[in-house]
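Trainee: here is a sequence together with a model predicted from it:
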Amino acid sequence: MQIFIGLDGGGTGCRAQAELADGRRGAVLCGGPANVFTNPDAALGEIAALLERCHMQALALAGGDCVPRPVFVLGLAGATEAGAQPQIAARLPYRNVTVLGDIDIAAKGAFPEGNGIVMAVGTGSVLARQTAEGIVRVGGHGLVLGDDGSGAWIGRAALRCCLLAQDGLAESGPLTRLLWARFGAVGAIIRFAADARPADFATLAPLVLEQAQAHCPIAGAILDAACAYFRSAIRQLQQGYADLPVAATGGLGPVLLERMIFQGGGLLRRADPAGTALDGALWIARQKFESMKP
């Protein structure tokens with residue numbers, strides 16, 4: 001029996017799931033951070049270990065009735081930015097490995113047979129339009145030059161607001177006071193930021209969401225800036241495709257899309273994703289397998 005394995009790797013963690021040809025699936029297994037752009041060696045170690053666990057689970061599920069070569073589809077944050085999909089696949093101890101961007105499997109999961117726009121927001125951020133012509137991406141360039149509106153971007157913006165308030169260049173508020181209580185000194189904030197990876201900045205995003213819900217104007221302004229970016233990106237992707245629905249994925253995507261619609265989403269037509277990014281990876285794996293048949 002053929003085995004299909006999908007993996008969704010992001011800056012905060014990765015998840016994988018196996019599916020048998022008869023449709024039975026194993027449990028979703030989780031691993032550590034897997035951004036192959038920001039920390040390739042550590043990410044590949046996490047990915048290889050998780051794939052091995054998932055493969056072993058699939059073999060047990062199949063009960064020995066399986067073919068020797070699973071089909072793997074990996075959607076990885078940073079894969080398209082690094083431009084190293086073939087090299088990533090070559091470093092893994094398996095054959096039949098296809099490496100895509102995380103947005104590719106998110107789009108397939110959200111719209112398995114149709115057209116739409118996916119707004120994927122977690123540690124990083126990227127948007128994509130899926131049509132019969134293919135995938136067109138906006139954003140997802142990493143925190144240094146992009147990932148606007150992402151969890152990492154939101155966390156970094158909160159620290160910046162805290163420092164501006166300490167310098168007397170901006171108003172203080174509940175959010176900045178909570179951050180100051182946590183860090184206690186300008187030097188502590190600077191040291192944290194100097195060593196922080198995107199996932200570290202993103203740990204502050206829940207505090208910003210919490211304070212925005214409590215009507216902190218500083219937290220609200222940070223989220224409004226994030227929403228303004230996503231509106232602009234969606235408008236760009238809607239050019240020539242004005243009626244496309246928008247599905248939000250990731251830990252922050254649904255929250256921010258809801259905020260945008262509440263504030264007046266204009267042409268936004270929200271759609272619930274048909275499935276998860278893992279569903280998308282497994283659907284693509286099946287398509288790859290069918291294309292490999294003589």
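Mentor: In hand now; what should we look at?
Trainee: so who does residue 211 touch?
Mentor: Applying C-beta atoms under 8 Å, 6 or more residues apart in numbering, we find residue 211 in contact with 173, 174, 175, 178, 218, 219. C-beta coordinates here come from the backbone N, C-alpha and C atoms, glycine included.
Trainee: please, which helix or strand holds the fifth one?
Mentor: Read it as residue 218. Counting by DSSP states H and E, the element that carries residue 218 is helix 217-238.
Trainee: distance between that helix and the chain's centre?
Mentor: From the chain centre to the centre of helix 217-238 is a distance of 17 Å (C-alpha atoms, centre = their mean, to the nearest Å).
Trainee: which residue packs closest to residue 146, ignoring adjacent ones?
Mentor: Computed as C-beta to C-beta, 6 or more residues apart in numbering, the closest residue to residue 146 that is not its neighbour in sequence is residue 139, at 5.6 Å.
Trainee: surely that neighbour meets residue 128?
Mentor: No. In this structure, residue 139 is not within contact of residue 128 by C-beta atoms under 8 Å, at 9.1 Å.
Trainee: taking the mean pLDDT, what do you get for the helix holding residue 218?
Mentor: When pLDDT is averaged over helix 217-238, the result is 96.
Trainee: show me what it is packed up against.
Mentor: If contacts are counted by 3 or more C-beta pairs under 8 Å, 6 or more residues apart in numbering; DSSP states H and E, helix 217-238 sits against strand 116-121, strand 125-131, strand 134-139, helix 151-166, helix 174-183, helix 205-213, helix 253-264.
Trainee: please redo it, this time with the cut-off set to 6 Å
Mentor: strand 134-139, helix 151-166, helix 205-213, helix 253-264 (3 or more C-beta pairs under 6 Å, 6 or more residues apart in numbering; DSSP states H and E).
Trainee: please identify the deepest-packed of the ones you listed.
Mentor: helix 151-166 (a mean of 22; mean count of other C-beta atoms under 10 Å).
Trainee: what separates residue 25 from residue 86, distance-wise?
Mentor: In this view, residue 25 and residue 86 are 28 Å apart by C-beta to C-beta, to the nearest Å.
Trainee: looking at those two, which has the bigger crowd around it?
Mentor: residue 25 (17 against 10; other C-beta atoms under 10 Å).
Trainee: and the more buried one, what is it in contact with?
Mentor: 17, 19 (C-beta atoms under 6 Å, 6 or more residues apart in numbering).
Trainee: now residue 72
Mentor: 5, 94, 97.
Trainee: circling back to that earlier point, between the helices and strands packed on helix 217-238, which one is closest to residue 193.
Mentor: helix 151-166 (6.2 Å; C-beta to C-beta).
Trainee: packing partners for the closest one?
Mentor: Looks like helix 151-166 contacts helix 174-183, helix 198-202, helix 205-213, helix 217-238 (3+ C-beta pairs under 6 Å, 6+ apart).
Trainee: need the winner for burial among those.
Mentor: Compared across the helices and strands packed on helix 151-166, helix 198-202 shows the largest average neighbour count, a mean of 24 (mean count of other C-beta under 10 Å).
Trainee: CA-only coordinates of that one in PDB, if you can.
Mentor: The C-alpha trace of helix 198-202 is given here as PDB (Å, rounded to 0.1, in the frame of the first residue of the first chain):
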ATOM      1  CA  PRO A 198      11.700  35.600  14.400                       C
ATOM      2  CA  ALA A 199      10.100  33.000  16.600                       C
ATOM      3  CA  ASP A 200      11.400  34.800  19.700                       C
ATOM      4  CA  PHE A 201       9.900  38.100  18.600                       C
ATOM      5  CA  ALA A 202       6.700  36.300  17.800                       C
END
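Trainee: wait, residue 35 sits on residue 76?
Mentor: No. If you go by C-beta atoms under 6 Å, residue 35 and residue 76 don't touch, sitting 7.6 Å apart.
Trainee: quick one: strands adjacent to whichever helix or strand residue 30 is part of?
Mentor: Using DSSP H and E, residue 30 sits within strand 29-31. Using DSSP bridges, the strands paired with strand 29-31 are strand 14-20 (antiparallel).
Trainee: state the mean pLDDT of the strand it pairs with.
Mentor: 92.
Trainee: what of stretch 199-213?
Mentor: On average, stretch 199-213 scores 96.
Trainee: distance from it to the middle of the chain?
Mentor: On C-alpha atoms, centre = their mean, the centre of stretch 199-213 falls 16 Å from the chain's centre.
Trainee: nice, that's everything, thank you.
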